[in-house]
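Student: Test case, fold it:
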Amino acid sequence: SGAAGKRPVSALAAAAAAADADAPACDVAGQAEQSSLFGEWQTYAYEPPAAIGGLVPRSARGHVEMWSEGHLPLGTRWLRQPHLLAVAKKLGIDAAPAMVGFDFRDGRSVPRFDGVIVCDEMADALREAAAGVAEQEEDKQLHNRRKRALAHWAEL
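Tutor: Next up is the predicted model:
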């Protein structure tokens, strides 16, 4: 939701500065910073952008921010299975990683991704291609496991 061009109903002093918890946060001019508060009647529901021409709308950083299912761009699907992004790149299908939140590691915030966002018309083809790659990966692992087992058996 947003309130572009509207006057806030009220304002609160911003959180205290990290260095001194008792001192209010100040801007460059020494004025106490304010957090604007808006009424529900001043806000509107988020309307996600639409996919146009087979291109997934993304943020400036190249991903789609998926804070909820309502943030899914119109005309797209959210797919969550292994190998999707790599297969999409290989096939030339436009797909964007889905950022679902943040993890905190080593004292800093790191984005967490889960699946990819792809246009409706490409979703089924991408899902099938990714399933084929996953099957090949399983076959390769099984072959390597058998090969190791035979090597261990030969040592006996």
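
Student: Show me where the chain dips below the pLDDT cut-off.
Tutor: 1-5, 15-32, 156 (pLDDT under 70).

Student: Centre-most residue in it?
Tutor: Computing the C-alpha centroid of the chain and ranking residues by CA atoms, centre = their mean puts residue 99 first, at 0.9 Å.

Student: beta partners for it?
Tutor: residue 65, residue 113 (DSSP bridges).

Student: so what's it up against?
Tutor: 59, 63-66, 111-113 (CB atoms under 8 Å, 6 or more residues apart in numbering). The way it works is simple: take the backbone N, C-alpha and C, and place the C-beta from them, glycine included.

Student: Narrow these to just the buried residues.
Tutor: Neighbour-count burial (16 or more other CB atoms under 10 Å) applied to these gives 63-64, 66.

Student: okay if I get those as a markdown table plus distance to residue 52?
Tutor: What follows is the buried ones among the contacts of residue 99, written out as a markdown table (distance: CB to CB, whole Å):
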| residue | distance to residue 52 |
| --- | --- |
| 63 | 18 |
| 64 | 14 |
| 66 | 19 |
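
Student: With respect to residue 53, which of the contacts of residue 99 is nearest?
Tutor: Lowest distance from residue 53 to the contacts of residue 99 (CB to CB) belongs to residue 64, with 16.5 Å.

Student: quick one: contacts for the closest one?
Tutor: 56-58, 71-73, 96-99, 117.

Student: for this protein, what spans make up the strands?
Tutor: Secondary structure of the chain (DSSP state E): strands at 10-13, 34-37, 64-65, 76-79, 95-105, 108-119.

Student: Deepest-packed of these, please.
Tutor: Highest mean neighbour count of these: strand 76-79, a mean of 21 (counted as mean count of other CB atoms under 10 Å).
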